[in-house]
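K.L.:
coords please:
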Amino acid sequence: MLTLAGAILVSYERAVALLNFGAFLAFMGVNLSTMRRYYFDAPAGQRKLRSSFLMPGAGLLFCAAIWVFLPVPAEIAGRGWLLVGINCSIARTKATSAQARSVVDARARLVTYFLTSSSTCRK
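P.N.:
Residues are numbered from 1 along each chain as shown. Next up is the predicted model:
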């Protein structure tokens with residue numbers, strides 16, 4: 001039912017923009033984790049600057065550049081969906097109060113960042 005309602009209420013362009021929001025966010029995460037695993041966590045003698053740092057860094061910057069210029073409605077919906085996911089994750093893992101408090105603090109900082117960055121980037 002939720003899928004049917006979404007198909008009726010959301011235009012194709014908005015759905016694609018929302019999908020791109022999540023996809024580019026995930027690609028940025030993949031590039032960051034590649035840099036961490038193969039460059040920062042590698043022993044000093046095994047670090048490869050070009051293949052383990054520069055190439056994933058270029059991919060990260062490329063994805064970030066596209067992600068920053070996604071349509072505003074996609075950003076708002078994507079950020080809202082991200083916060084829903086964080087809340088569901090807390091609820092499903094039954095986090096202890098200390099863990100939940102730290103996540104809530106991080107979430108508050110994230111929301112503040114998203115709200116301020118969204119309004120300043122689009123002026």
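
K.L.:
use CA for all of it now, contacts and neighbours both
P.N.:
Will do.

K.L.:
Can you tell me the SS state at the spatially most central residue of the chain?
P.N.:
For the chain, the residue nearest the mean C-alpha position is residue 25 (3.8 Å; Cα atoms, centre = their mean). Three-state call for residue 25 (DSSP: H, G, I helix; E, B strand; the rest coil): helix.

K.L.:
For the residue nearest to it when sequence neighbours are not counted, which three-state class applies?
P.N.:
Leaving aside its sequence neighbours, residue 25 sits nearest to residue 67 (Cα to Cα, 6 or more residues apart in numbering; 7.4 Å). With three-state DSSP as the basis, residue 67 sits in helix.

K.L.:
what sits against residue 67?
P.N.:
By Cα atoms under 8 Å, 6 or more residues apart in numbering, the contact set of residue 67 is 20, 21, 24, 25.

K.L.:
separation between it and residue 10?
P.N.:
Separation of residue 67 from residue 10 (Cα to Cα, to the nearest Å): 20 Å.
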